[in-house]
Every structure is written in structure tokens, then in C-alpha cells.
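Colleague: Have a look at this fold, sequence not included:
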């Protein structure tokens with residue numbers, strides 16, 4: 001153990017010149033889910049004085065006693081602005097962690113990437129992190145003056161480091177990739193093509209194109225950053241609760257391949273070809289389902305080269321001379337480099353985009369569909385169902401644009417395909433909302449809303465709608481015993497990404513079943529999109545207000561379907 005560090009602790013406030021040591025070690029921003037599905041990101045703890053992590057290894061013989069000591073310190077500082085977390089440094093996974101009764105949140109370290117990047121070497125290692133400066137106050141164990149460190153955070157100018165006993169942590173894939181880095185041509189480039197280039201291409205909505213090795217090399221530090229803090233791929237959801245192909249994610253092995261390749265210096269390898277350079281992305285320009293029965297053309301919207309744009313709304317008169325049933329749709333963006341999302345409702349002549357949601361919290365509406373970048377945006381509704389457009393009704397659209405440095409005009413289109421079938425089940429969305437007041441500087445203001453379905457229904461999708469202070473949202477079904485069964489979770493809500501998630505496995509529920517929307521706002525300095533954490537928030541439909549609405553897409557089901565499902 002470093003004798004100088006020991007002496008510094010012994011005469012903490014008396015005579016030890018801390019300037020003789022190195023400055024606080026820097027760390028990267030990282031984000032992980034815990035064993036209950038909550039999202040934790042270091043930079044989103046700025047409202048706290050410190051975040052304390054301890055590496056967990058269930059197979060280490062001394063782990064129980066180390067956890068007990070750690071819990072004692074956590075209890076000692078429970079009234080302070082300090083959070084205590086464990087990190088699953090072996091990447092055991094949630095199913096195994098569920099068997100352990102630990103009492104503290106356990107971060108799920110997918111692929112060991114965060115433990116590896118933090119330089120954690122042994123089970124029981126404790127790291128005290130400064131979330132304001134993304135730096136390290138302390139590395140050691142619970143016995144190395146941890147309480148004294150936590151009592152003296154404001155006076156620590158240099159990272160305090162102690163030698164650690166205990167069980168060594170193994171990083172087998174790191175050892176393999178250090179000796180044999182992933183190959184750019186055969187391992188790295190295919191991951192980028194499969195997951196990134198739909199948006200990150202010339203003419204795509206991504207802010208830069210990944211169209212060659214040189215471009216990937218130049219952006220590699222940012223790619224590593226956004227993988228580790230879960231900014232990309234976007235639309236992060238909890239993989240353990242429900243599933244939807246609309247949720248983009250990288251597999252654990254893919255993240256390890258990319259991060260380890262970047263850590264190795266992003267080597268070009270010996271391959272002669274450049275898959276990114278030769279890959280020709282062909283956006284869908286034709287109508288995939290054949291000539292549409294009707295094309296609804298939105299207004300031409302001018303998009304400036306810079307700035308943050310508020311939503312644009314547009315109504316499209318259909319002037320159908322009879323009722324119509326829509327069986328499928330396809331969006332075709334006018335300029336895919338700026339169109340970020342587009343949402344469409346069927347509305348009555350006197351309604352606008354928000355319709356009855358302006359005044360009612362629990363509303364059934366006709367939702368036609370939504371556009372988001374990086375997908376085909378073709379949707380065929382489930383067999384036997386359709387969206388009903390009564391004669392005289394219209395379409396109401398909400399456009400969200402991003403700027404890319406060039407002035408442009410978007411004129412997007414929506415193709416409608418009609419059905420000749422009779423007696424279709426009508427496809428709706430149930431908007432389940434709440435009214436609220438969120439206090440200033442509140443990092444986790446919990447909120448919930450519920451709806452009682454009075455008929456047998458099939459739930460086919462969900463969508464979360466909040467604004468800049470939205471933090472998280474879950475969708476749940478209340479079982480007959482009163483227990484809530486979660487069917488989908490968005491633990492890290494992002495105002496910029498609000499897709500409609502089609503459930504891979506629809507939920508058939510009986511009449512009298514209540515569904516719940518459960519979430520929270522982050523109205524604190526820790527929320528990077530918060531315009532003003534000192535402002536009290538109330539419900540409003542403008543982007544500078546706040547709203548809390550969960551949408552359940554559904555159609556009616558027969559009693560027989562409900563019984564068979566059970």
C-alpha cells in the first residue's frame with residue numbers, strides 16, 4: 001500500500017500536500033440497467049455528490065462479508081446525497097442475479113465492458129465517482145478509509161488509490177482481442193452495415209456518414225462513447241420485458257467486438273476490400289405493396305440549415321365519398337436526411353392532431369401509424385383488422401425535423417391500401433394520460449395512469465409520449481390477483497426517439513382488465529435535455545410543456561380468443 005497515501009489520511013486536514021499526487025483520474029460516461037430494469041447513467045447523477053460502485057463476484061468466497069461491510073457504509077450515509085450501487089462484473093445476467101438477495105441495486109454489465117473500461121481488477125473493489133466531473137475520488141475497499149473519504153469529498157483533489165486483496169476478475173474476451181483484435185473487414189464492418197448505415201449514410205438522418213474505413217476510424221472515439229453510455233443504438237428498451245423488432249439494439253458480442261476493436265486502435269487489418277466503401281445502401285423508393293389506393297401528400301415544409309425546430313402540424317383533407325378501411329400503409333419521406341418522425345391520426349372535421357386528448361386523460365383514438373428513420377416504414381395491419389376512416393374525416397400529421405447544415409424542403413407522402421373485407425375489427429389506440437405538477441429540481445418524479453378495458457381486446461403495440469423531462473415509462477397489465485405484469489419497458493426515455501413499438505407477441509386480455517402506465521420525470525440538472533430545472537412543470541401539449549401519455553394499440557377480440565389465450 002502506498003505509504004504516502006496512508007500518511008495523507010492520517011493527517012488529512014493538517015499537513016499533507018495533495019498537489020504532490022496526480023489529479024483526479026478521469027472516467028468515461030457509462031450507462032447500465034440494474035437487476036430491476038432501472039436505468040443508471042453516471043452523468044445523470046449530477047444532482048448527487050457521488051456515486052459509489054463495488055464490483056460483485058458471486059463466486060468469490062469473501063464476497064458475502066464484503067457486501068455486508070459495503071451495506072454498512074451505505075446505511076451510514078443513507079441521508080447523504082450519495083448513491084451506492086453494485087456492478088455485476090462477471091456479467092452473470094438478470095436471471096442469475098434474481099437468485100441472490102443483496103439489498104442494493106446491481107448494475108448489469110453487458111459483456112463486462114464497463115468493469116473493463118473502469119479498470120476494475122478484483123471482486124470487492126470500491127470506486128467512488130464524481131458525476132459532475134466524470135472522475136474518480138477513491139479506489140480501494142470498504143476497509144480503506146472509505147467512510148472518511150465520503151465525509152471529505154469536497155477536499156479531495158487527487159484520486160486516492162489502495163492496493164486490493166481478494167479474487168481476481170477475469171476478462172477472457174479482452175485477453176483474446178488484445179492478442180487478436182477483431183478484423184475490420186470480416187467482423188467490424190458487417191456490424192456497422194447491419195445496425196448503423198441506414199441512418200449514418202449520405203442523405204440519411206444521422207449527422208455523419210459511416211461510408212468508409214477512414215470515416216469509421218475518425219468517429220471511433222464517439223462510437224465507443226455512445227455504445228458505453230447507451231445513446232446508440234437509439235430507442236433503448238429493457239430486453240427482459242417484452243420484445244419488439246422496432247427496438248434497435250446491439251448484441252453483447254457486437255458491442256464487445258466494436259469496443260475492443262476501437263481500444264486496439266481500430267486497425268485496418270490485412271483485408272484488401274473496404275465493405276463500407278463498397279456497400280451501396282438503397283433506400284426504399286418504390287411502393288413496396290404495389291400501387292397505393294390513395295396517396296396522402298403532406299405540405300411542403302421548409303427546414304433551415306441550423307437550429308432546433310418545434311413540431312409542425314398539418315391536416316390532409318381526404319374527400320372520400322364513402323367510408324374506408326385501411327389494411328396497410330407506407331410512409332415515403334420527402335427528405336430522409338431531416339425527417340425524424342411523423343405521426344398520423346384519423347380525425348373528425350372539427351378536430352386537430354390532438355383531438356380529444358386536449359381535454360381528456362383517457363381517450364380512444366384512430367391511430368394510422370408513424371414514421372421513424374432507419375426502417376422500411378411499411379406496416380400491414382394484423383389479419384382481420386384495419387383502421388376505419390369514416391366519410392368526411394381527415395388525416396392529422398405531426399412532423400419532427402432535425403437540421404443538418406443545409407437548407408432543404410420536405411414533402412413526405414403516406415400511401416393507403418384499402419381493404420374490401422367486411423366485418424373487420426377496428427384498430428385503435430387507447431391514450432392513457434395523467435395530469436400533474438412536477439416540482440423544480442426533482443430528479444425522479446413518479447407518475448402513473450390506468451385504463452379499464454370493458455371488452456375483450458388484443459394489445460398489439462405501445463408508445464410512450466413525454467417531452468424534454470421524460471425519464472422512463474413502463475406498460476403493465478393488472479392480473480386478477482392485483483399483481484402488475486409488465487409487458488414493455490422504456491427505462492431511458494429519449495424525447496428525440498418516440499417510435500410505436502409493435503409487440504412481437506400480442507397480449508390477449510379479458511373484459512374488465514386494467515392496464516397501467518408507470519413512469520417518471522427528471523426535472524433536475526442531471527437531465528441533459530432539461531431547458532430549466534428551476535421551473536415547475538404542468539401538463540401541456542406544446543413541446544416546452546410536459547405530458548405523460550402511454551398509448552396502447554389494440555383491437556377487439558372475441559371471448560373465445562381470450563379464453564383460448566388463457
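Modeller: Looks like it came in fine. Remember, predicted model here, so these are calculated numbers, not experimental data.

Colleague: Pull the contacting residues for residue 540.
Modeller: 546-547 (CB atoms under 8 Å, 6 or more residues apart in numbering). C-beta here means a position set from N, CA and C on the backbone, and glycine is covered the same way.

Colleague: Could you check the pLDDT of it?
Modeller: Note for residue 540: predicted pLDDT of 91.

Colleague: swap in residue 377?
Modeller: Reported pLDDT for residue 377: 87.

Colleague: ditto for residue 79
Modeller: Reading off the model, residue 79 has pLDDT 95.

Colleague: Tell me how many other residues crowd it.
Modeller: 7 (other CB atoms under 10 Å).

Colleague: ditto for residue 54
Modeller: Neighbour tally, residue 54, other CB under 10 Å: 27.

Colleague: Is it correct that it falls within a helix?
Modeller: No: counting by DSSP: H, G, I helix; E, B strand; the rest coil, residue 54 falls outside a helix, being strand.

Colleague: Can you show me the helices along the stretch 201-350 of the chain?
Modeller: With DSSP state H, counting those that start in this stretch as the criterion, the stretch 201-350 of the chain has helices at 213-228, 252-263, 275-278.

Colleague: Just name the shakiest helix or strand of the chain by mean pLDDT.
Modeller: Ranked by mean pLDDT, DSSP states H and E, the weakest helix or strand in the chain is helix 3-10, scoring a mean of 38.

Colleague: Might you report the residue contacts of residue 509?
Modeller: 453, 456-459, 477, 515, 562.

Colleague: among those, which are in strands?
Modeller: Of the contacts of residue 509, the ones assigned to strands by DSSP state E are 453, 457-459, 477, 515.

Colleague: Can I have the buried ones of those as a PyMOL selection?
Modeller: Only the buried entries of the ones in strands among the contacts of residue 509 go into this PyMOL selection, using 16 or more other CB atoms under 10 Å:
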select buried, resi 453+457+458+459+477+515
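
Colleague: any chance of the ones in strands among the contacts of residue 509 in JSON lines, plus pLDDT?
Modeller: Output for the ones in strands among the contacts of residue 509, formatted as JSON lines (pLDDT from 0 to 100):
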{"residue": "453", "pLDDT": "97"}
{"residue": "457", "pLDDT": "97"}
{"residue": "458", "pLDDT": "97"}
{"residue": "459", "pLDDT": "98"}
{"residue": "477", "pLDDT": "98"}
{"residue": "515", "pLDDT": "98"}
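
Colleague: Name the nearest of the ones in strands among the contacts of residue 509 relative to residue 403.
Modeller: Residue 403 has its nearest neighbour among these in residue 459, at 36.5 Å by CB to CB.

Colleague: what's the spacing between that closest one and residue 556?
Modeller: When distance is defined by CB to CB, to the nearest Å, residue 459 is 11 Å away from residue 556.

Colleague: show me what contacts the residue lying closest to residue 430 once chain neighbours are set aside?
Modeller: Nearest in space to residue 430, with sequence neighbours left out and distances taken as CB to CB, 6 or more residues apart in numbering, is residue 552 at 4.5 Å. For residue 552, the contact set (CB under 8 Å, 6+ apart) comprises 429-430, 432, 451, 459, 461-462, 475, 515.

Colleague: Among these, name the ones in strands.
Modeller: Per DSSP E, the subset of the contacts of residue 552 in strands is 429-430, 432, 451, 459, 461-462, 475, 515.

Colleague: circling back to that earlier point, check which helix or strand the residue nearest to residue 430 maps to.
Modeller: Following DSSP states H and E, one finds residue 552 within strand 549-556.

Colleague: now residue 83
Modeller: Assigned by DSSP H and E, residue 83 belongs to strand 82-88.

Colleague: What are the contacting residues of that strand?
Modeller: 32, 34-35, 40, 45, 48-56, 67, 70, 73-74, 77, 97, 102, 104-109, 114-115, 120, 150.
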